[in-house]
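Participant: predicted coordinates and the sequence they were generated for:
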Amino acid sequence: DNANQRTELAFGVLGVTTRDYARLGWLYLNGGVSPGTGERVLTSQWVGKSLTADKPHLMPGDANTMSDYPTFGYGYQIWLCPREDDPNALANDFMAIGVYGQLIYVSPDDGMVIAKNAADPNYPKLQHPTLHENFL
């Protein structure tokens, strides 16, 4: 009870279909415009900011000792993929990664969205023991 404990909820749960995950990916791929209706749902500025690692600890790369997940950069709940030729720099690709293997991967360069729904009971065994990164 927040009124008594004065603490905020620091996690969330999103229970949707794989098609809904794909729709969210397509919404981002289209810069905040619904691919189904053409309606602007998010401003392009907000989408851009949500895909920006704007602090040093949010950048990808093993040199980032301030992150538990150094492989990826981080935006607003979005994982930002590193470039293949420079793992300390950001590529255009990004992902939403959920617990137990859920995934939304977006590649603006390829015009592609991949959505995966999962409930892998072995998920904890698929995480790096110290970096918390997935071996999926």
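Facilitator: Received it, and whenever you're ready, just let me know what you need. In this text the structure is predicted, and so the values were computed from the model without any measurement. Numbers count the residues shown, from 1 in each chain.
Participant: C-alpha coordinates for the top strand by length along the chain, CSV please?
Facilitator: In the chain, taking DSSP state E as the definition, the longest strand is strand 90-97. Presented in CSV, the C-alpha positions along strand 90-97 are these (Å, rounded to 0.1, in the frame of the first residue of the first chain):
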residue,chain,number,x,y,z
LEU,A,90,25.3,2.0,-30.7
ALA,A,91,23.7,0.4,-33.8
ASN,A,92,20.2,1.3,-35.0
ASP,A,93,18.8,-2.0,-33.8
PHE,A,94,17.0,-2.3,-30.4
MET,A,95,15.1,-4.8,-28.3
ALA,A,96,12.6,-5.1,-25.5
ILE,A,97,13.6,-8.1,-23.5
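Participant: buried residues of stretch 51-64, list them for me.
Facilitator: By 16 or more other Cβ atoms under 10 Å, the buried positions in stretch 51-64 come out as 51-53, 58-61, 64. (C-beta placed from N, C-alpha, C; glycine too.)
Participant: what about it, how long is it end to end?
Facilitator: Start to finish, the residues bounding stretch 51-64 are 18 Å apart (Cα to Cα, to the nearest Å).
Participant: and that stretch, average pLDDT?
Facilitator: What stretch 51-64 shows for mean pLDDT is 88.
Participant: which residues does the lengthiest helix in the chain contact?
Facilitator: Identified as the longest helix of the chain according to DSSP state H is helix 18-29. Residues from elsewhere that reach helix 18-29, judged by Cβ atoms under 8 Å, 6 or more residues apart in numbering: 33-36, 41-42, 47, 51, 78, 94, 96, 102-106, 108, 111-117.
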